[in-house]
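In: I need the structure of the sequence given here:
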Amino acid sequence: MAKVTREMVEKSGINVDELLELLVKNAAAELTTFYYYTILRANLIGLEGEGVKEIAETARIEDRNHFEALVPRIYELGGALPRDMKKFHDISACPPAYLPKDSTNVTEILKVLVEAERCAVRGYTHICAMTAGKDHRTYDLAQAILNEEIEHESWFSEFLGEGPSGHFLRRGETSPFVSKFLR
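Out: Here you go, the predicted model:
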């Protein structure tokens, strides 16, 4: 734990225990989403599914990166991940992104994907609001993740016909906003 780091965040007026709870729950959401997206991506088959598969894969890898980027900050602030993976899964900030009953229905898979991203956008927006101007490092990290989650939501919502987003699939680069936290 970085003792002065935690002390400074506390002095800024943030309840560090509450912040840590949010960070751990969001880390759980990222790791479980990585797992569930693996299953969802595997079921994106056929002419319709293949068009979504690459985007789902990018979101899946970036969610893993989000988990990897959150872990150091959790420990810097004196927190820890639960020792039990089942407990970790169950405290996730977002509900499981289960494969729909009709695993061949690409529209239903897209609805699961977009709802998972919307939950993430809400969670990181909350962390940004809590840390803005107070905990610069956590704010910067949460904002970087938020930027990528917004793009994920935009990609999936376009496939659902909710309108254009102006976002394009990244070629050859994943986590452009979060990558600086992965070094």
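In: Would you confirm that residue 24 contacts residue 78?
Out: No: Residue 24 lies out of contact with residue 78 (CB atoms under 8 Å); the separation is 11.7 Å. Every residue, glycine included, has its C-beta placed from N, CA and C.
In: Neighbour count for those two, which is higher?
Out: residue 24 (21 against 15; other CB atoms under 10 Å).
In: Let me know the pLDDT of the more buried one.
Out: Residue 24 is assigned 98 on the pLDDT scale.
In: how about it, what does it touch?
Out: By CB atoms under 8 Å, 6 or more residues apart in numbering, the residues touching residue 24 are 74, 79, 81-82, 91.
In: quick one: low-confidence parts of this protein?
Out: For the chain, the stretches flagged by pLDDT under 70 are 1, 170.
In: Show me the helices in it, by range?
Out: 3-11, 16-42, 46-76, 85-90, 106-131, 136-159 (DSSP state H).
In: got the angle between the longest one and helix 136-159?
Out: Using axes from the mean of the first three to the mean of the last three CA atoms, to 10 degrees, the inter-axis angle of helix 46-76 relative to helix 136-159 is 170 degrees.
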